[in-house]
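In: Next comes the sequence, and after it the predicted model I'd like to discuss.
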Amino acid sequence: MRSSETVVRLGEVLRRSDRLIDLEPTTLYKRVTVRLWGKGVVQRDEVAGAEIAAARQMAVRTGQFILSRIDARNGALGIVPECLDGGVVSSDFPVFTPDEDRLLPAFLGWMSKTGRFVDLCRVASEGTTNRVRLKEERFAAMQIPLPPIPEQRRIVARIDELAAKIEEARGLRREAMEEAGALVTTLHLSLSGPLIVRLCDILVLDEDRDAVRPGGIYPQVGVKGFGEGLFPKPPVQAFQTTYKVFNRLYEGALVLSQVKGWEGAVAVCPPALAGRYVSPEYRTFRAVAGMALPEYLAPLVATPWFWERLRGVTRGMGGRRERTRPEQFLQLEIPMPSEDDQRRALPLLHRLRPLARLQEETAVELDAMLPAVLERAFRGEL
């Protein structure tokens, strides 16, 4: 702790907002939600008041602090951005106004992304599995070290500077991925010619379902959007899930997120992740022998070209988009080269693998950079 810091209770510098408004049936309202793990406050959707079940909602303002009662312990908290000023939230999202004479919203915004702050929210939450809720009186009693306003401004400016550099690196990485995806797409279309197939001609739904058993431990896999592929997640124990079954992955399985497939959450399982588990919301498909090679499909389904077409098989916008059901997915039509031509393309596609691995490693490093910056900043090392 810095010598200039004082320790304050959150309730001393955050005032609970009670700005409830009556919703007009024909007025459009931006509904606000909060992403997990410090990913920020975002717009859920925009709907007419008549479509919202509650007659009254809490209105939020730029710079206010908002959190999820259920998921604050999982990092679902943050500062309301300017673009969501006037948005509305349900009572599941308490809203607080910082005392800006003592606590800058930007300083709180960065602090709330640290592991230590999320731990405070975890301690302030109680309840049984799947019913844990943040208790506001406990949250208000939690203590944080607080430097003077000039020091807060300096810390925020330094974090902003480093965060901008990290985002610049992310942009360069995205450009490299887009160029690689364009190369794969160009090669694919040149090999395919006029031949069009439905995915049901080259893939079959093939799921290895494993019942969740008492005492069981299930190493998990997640699927990132925008063609960023599969990644390992910590194991889930049987008592931690309400699912009755998990889908077990196998090498070469094409994995589709029913919820986010439309934005590129689709990938082919590599050997290293075979045997791990995904929820039933992730469907697995096997390539039909003689029609498709998993090694060819892996880079293809990671391209914007592929998932932009996948977007067309479901209806809706953003969070209101319907799930991509297997039967919809399998009816998607795409050009497809013969298996012989796919095999001839593999040497070139394999040459892109080192780039793909480098991009994956870079993504991990970039993901770790901002948390490391925040930890140093709030330990007084920046």
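Out: Received it, and whenever you're ready, just let me know what you need.
In: top helix in this structure by residue count?
Out: In the chain, with assignment by DSSP state H, the single longest helix is helix 149-192.
In: how far does that helix sit from the chain's center?
Out: Distance, stretch centre to chain centre, for helix 149-192: 16 Å (CA atoms, centre = their mean, to the nearest Å).
In: Buried ones in the next helix or strand after that helix, by neighbour count?
Out: Of the helices and strands lying after helix 149-192 in sequence (DSSP states H and E), the nearest is strand 196-198. By neighbour count on 16 or more other CB atoms under 10 Å, the buried set for strand 196-198 is Val197. Using the backbone N, CA and C atoms, a C-beta is placed for each residue, glycine as well.
In: which residues are contacting strand 196-198?
Out: Strand 196-198 is contacted from outside by 291, 330-336, using CB atoms under 8 Å, 6 or more residues apart in numbering.
In: Tyr29 belongs to a helix, doesn't it?
Out: No - Tyr29: not assigned to a helix; according to DSSP: H, G, I helix; E, B strand; the rest coil it is strand.
In: Dig out what it forms beta bridges with.
Out: Val47 (DSSP bridges).
In: That one contacts Asp45, correct?
Out: No - with contact defined as CB atoms under 8 Å, Tyr29 does not reach Asp45; the gap is 9.3 Å.
In: who has more neighbours, these two?
Out: Tyr29 (20 against 15; other CB atoms under 10 Å).
In: what's the weakest-modelled helix or strand in this structure?
Out: helix 353-378 (a mean of 78; mean pLDDT, DSSP states H and E).
In: So the chain: which segments form each domain?
Out: Domain assignment for the chain by automatic domain parsing gives 6-147, 192-337.
In: looking at those domains, which is closest to Leu382?
Out: domain 6-147 (10.9 Å; CB to CB).
In: Just the buried residues of stretch 165-184, please?
Out: Buried residues in stretch 165-184 (16+ other CB under 10 Å): 173, 177, 180-181, 183-184.
In: same question, stretch 196-208
Out: Buried residues in stretch 196-208 (16+ other CB under 10 Å): 197, 199-200, 202-203, 207.
In: show me where the stretch 1-150 of the chain has strands.
Out: 6-9, 14-16, 20-22, 28-34, 41-48, 56-59, 65-67, 77-79, 88-89, 95-98, 125-126, 133-134, 143-146 (DSSP state E, counting those that start in this stretch).
In: Distance to Leu374 for these - can I get that in JSON lines?
Out: Shown next, in JSON lines, are those (distance: least, CB to CB, whole Å):
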{"stretch": "strand 6-9", "distance to Leu374": "19"}
{"stretch": "strand 14-16", "distance to Leu374": "19"}
{"stretch": "strand 20-22", "distance to Leu374": "33"}
{"stretch": "strand 28-34", "distance to Leu374": "18"}
{"stretch": "strand 41-48", "distance to Leu374": "17"}
{"stretch": "strand 56-59", "distance to Leu374": "28"}
{"stretch": "strand 65-67", "distance to Leu374": "16"}
{"stretch": "strand 77-79", "distance to Leu374": "13"}
{"stretch": "strand 88-89", "distance to Leu374": "25"}
{"stretch": "strand 95-98", "distance to Leu374": "18"}
{"stretch": "strand 125-126", "distance to Leu374": "21"}
{"stretch": "strand 133-134", "distance to Leu374": "21"}
{"stretch": "strand 143-146", "distance to Leu374": "14"}
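In: worst average pLDDT in the ones you listed?
Out: Mean pLDDT is lowest for strand 125-126 among those, at a mean of 83.
In: Can you give the strand pairings for it, parallel or anti for each?
Out: Here strand 125-126 has these sheet partners by DSSP bridges: strand 133-134 (antiparallel).
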